[in-house]
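Asker: Got a predicted structure here, sequence first:
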Amino acid sequence: MKRDIGDLAIFGGSSAFLQPIYVGRPNVGDRARFFDRVNWALDHQWLTNGGPLAREFEQRVAELAGARYCVSTCNATVALQLLARAADLSGEVIMPSLTFPATAHAFRWLGLTPVFCDIDPSTGCMDPALVEAAITPRTSAIVPVHLWGRPCAVDELAKVAADHGLKLFYDAAHGLGCTSGGRPIGGFGQAEVFSFHATKVVNAFEGGAVVTDDEGLADRIRALHNFGFTQGRVSTEAGINGKMTEAAAAMGLTSLDAFEETVRQNKANYDGYRSELAGLAGLKVVDFDPGERNNYHYLIVEVDAAVTGVHRDLLGDVLKSENVVCQRYFSPGCHEMEPYRSERPVTLPHTERLARKVLALPTGPTVSREDIRRICDIVRLTVERGHEVTRRAGERVESAVAP
């Protein structure tokens, strides 16, 4: 246990962890089951092009998402692009800035203009009233993000989209297995997009999917993700290669097998962090609605530097010195990054304020209760002695640059 700030590794103490502990370490599941699936694919020599494993993965994702159709893809960025092309989007697309830049990049690559909208500071998700204010004659779609698995204001956003005749597509990269009003994320808007990147609660190495209840939309996406081919291998329009391989589907299925256990462990970790950090002035563990289902895959804390005396970034540096590698999900916001900062300058005060505070701490099945105790020990010491830590860190920097 670290009792004094001199015990912190950033000031010369020993690191709390011998090996780095990361945010987003992959949930592998049963390796033997994974290799059984891969060997089955190898034995049958069907490795891609909508094989049996990919079709099974789509069926299981659709069931979990409460949607009629699922089209698996090589990654979620391509899934967003396929959805945009299949829906014939044009002009401007309204989305939050507090998201991974792939949300914006996917649409910009198609020649669309991301229009960033501010958030409801209590949820981190887009504020429907501000979405409505951002609509112009060039707007073709609204793309909210279920941030950290917290559902957006789906009913209010549906009304805004319907009132203005706009498409409503959700970036649900964080939302698999979560609910809103008791309904699974995956069944809102005209379609939702999931990510199965290695860091997600269900991983397929790399992977994505579009889920929808619209059969025509699903059929067009399925054709577009396979070079535009429909039945009979006839190309009806210019498509791309966005398919999921059988190896990726094997990983996705194996990760899905472990999903309930992963969520159980995530919830236990979440409860552990909340217990360890309870009552710590200036630091808040982002909570989830206990009346809804969540995957608890993101353990987010907000650091109020005005109260703690230590900035989120310095807390992150302290933890990194202890071999705890955290992430700033998501900082800075997309509107403060290039090319968007130069092309379309905008001020989003709620986004900017929250983005400066948030830090993701390690969780998942590979993180033990003892890991959490050690991490929280470091966080507690740093925050309780925040002003002193900040002063000493400043002196350390000055000493390092002195001639």
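Answerer: Perfect, I can see it now.
Asker: longest helix of this structure?
Answerer: Scanning the chain for the longest helix, with DSSP state H as the assignment, gives helix 259-277.
Asker: Pairing partners for whichever helix or strand comes after that one, with directions?
Answerer: As assigned by DSSP states H and E, the chain's next helix or strand after helix 259-277 is strand 283-285. Strand pairing for strand 283-285, using DSSP bridges, gives strand 299-303 (antiparallel).
Asker: Can you give the domain ranges for this structure?
Answerer: For the chain, the domain assignment from the TED database gives the residue ranges 5-24+259-401, 31-254.
Asker: where's Glu56, which helix or strand?
Answerer: Assigned by DSSP H and E, Glu56 belongs to helix 52-65.
Asker: Tell me the first helix or strand C-terminal of that helix.
Answerer: Following helix 52-65 toward the C-terminus (DSSP H and E): strand 69-73.
Asker: can you map out the strands along the stretch 51-200 of the chain?
Answerer: 69-73, 92-96, 113-117, 139-142, 167-171, 179-180, 183-184, 191-195 (DSSP state E, counting those that start in this stretch).
Asker: got a list of contacts for the fifth one?
Answerer: Strand 167-171 has contacts (Cβ atoms under 8 Å, 6 or more residues apart in numbering) with 76, 80, 83-84, 87, 89, 95, 99, 103, 140-146, 152, 157-158, 161, 185, 188-193. Placement of C-beta: from N, CA and C, glycine included.
Asker: now do the third one
Answerer: With contacts defined as Cβ under 8 Å, 6+ apart, strand 113-117 is touched by 91-97, 103-104, 107-108, 126-127, 130-131, 134, 136, 138-139, 333-335, 340, 344, 346, 348, 351.
Asker: before we move on, the earlier item: what residues of the helix holding Glu56 count as buried?
Answerer: Counting neighbours by 16 or more other Cβ atoms under 10 Å, one finds that the buried residues in helix 52-65 are Leu53, Ala54, Glu56, Phe57, Glu58, Arg60, Val61, Ala62, Leu64, Ala65.
Asker: Which strands and helices lie in contact with that helix?
Answerer: helix 31-44, strand 69-73, strand 191-195, strand 208-212, helix 246-257 (3 or more Cβ pairs under 8 Å, 6 or more residues apart in numbering; DSSP states H and E).
Asker: From the chain's centroid, how far away is the longest helix of the chain?
Answerer: 17 Å (Cα atoms, centre = their mean, to the nearest Å).
Asker: Name the nearest residue to Gly124, ignoring sequence neighbours.
Answerer: Closest residue in space to Gly124, ignoring its immediate chain neighbours: Leu147 at 4.3 Å, by Cβ to Cβ, 6 or more residues apart in numbering.
Asker: That should have said Lys159, apologies.
Answerer: Distances taken as Cβ to Cβ, 6+ apart place Pro128 nearest to Lys159, at 7.7 Å, with adjacent residues excluded.
Asker: what do you get for Thr99?
Answerer: Take Thr99 and drop its neighbours on the chain: the residue closest to it by Cβ to Cβ, 6+ apart is Val145, 4.5 Å away.
Asker: Report the beta-bridge partner residues of that neighbour.
Answerer: Assigned bridge partners for Val145, using DSSP bridges, are Asp171.
Asker: burial measure for it, as a count.
Answerer: For Val145, the neighbour count with other Cβ atoms under 10 Å is 26.
Asker: show me what contacts it?
Answerer: The neighbourhood of Val145, defined by Cβ under 8 Å, 6+ apart, consists of Met95, Pro96, Leu98, Thr99, Thr103, Cys125, Met126, Cys152, Tyr170, Asp171, Ala173, His174.
Asker: Adding pLDDT, neighbour count and distance to Asp289 as columns, could you present those residues in JSON lines?
Answerer: Formatted as JSON lines, the contacts of Val145 follow (pLDDT from 0 to 100; neighbours: other Cβ atoms under 10 Å; distance: Cβ to Cβ, whole Å):
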{"residue": "Met95", "pLDDT": "98", "neighbour count": "26", "distance to Asp289": "23"}
{"residue": "Pro96", "pLDDT": "98", "neighbour count": "30", "distance to Asp289": "19"}
{"residue": "Leu98", "pLDDT": "98", "neighbour count": "29", "distance to Asp289": "19"}
{"residue": "Thr99", "pLDDT": "98", "neighbour count": "27", "distance to Asp289": "20"}
{"residue": "Thr103", "pLDDT": "98", "neighbour count": "25", "distance to Asp289": "23"}
{"residue": "Cys125", "pLDDT": "98", "neighbour count": "22", "distance to Asp289": "12"}
{"residue": "Met126", "pLDDT": "98", "neighbour count": "31", "distance to Asp289": "17"}
{"residue": "Cys152", "pLDDT": "98", "neighbour count": "32", "distance to Asp289": "13"}
{"residue": "Tyr170", "pLDDT": "98", "neighbour count": "26", "distance to Asp289": "17"}
{"residue": "Asp171", "pLDDT": "98", "neighbour count": "27", "distance to Asp289": "20"}
{"residue": "Ala173", "pLDDT": "98", "neighbour count": "27", "distance to Asp289": "19"}
{"residue": "His174", "pLDDT": "98", "neighbour count": "24", "distance to Asp289": "15"}
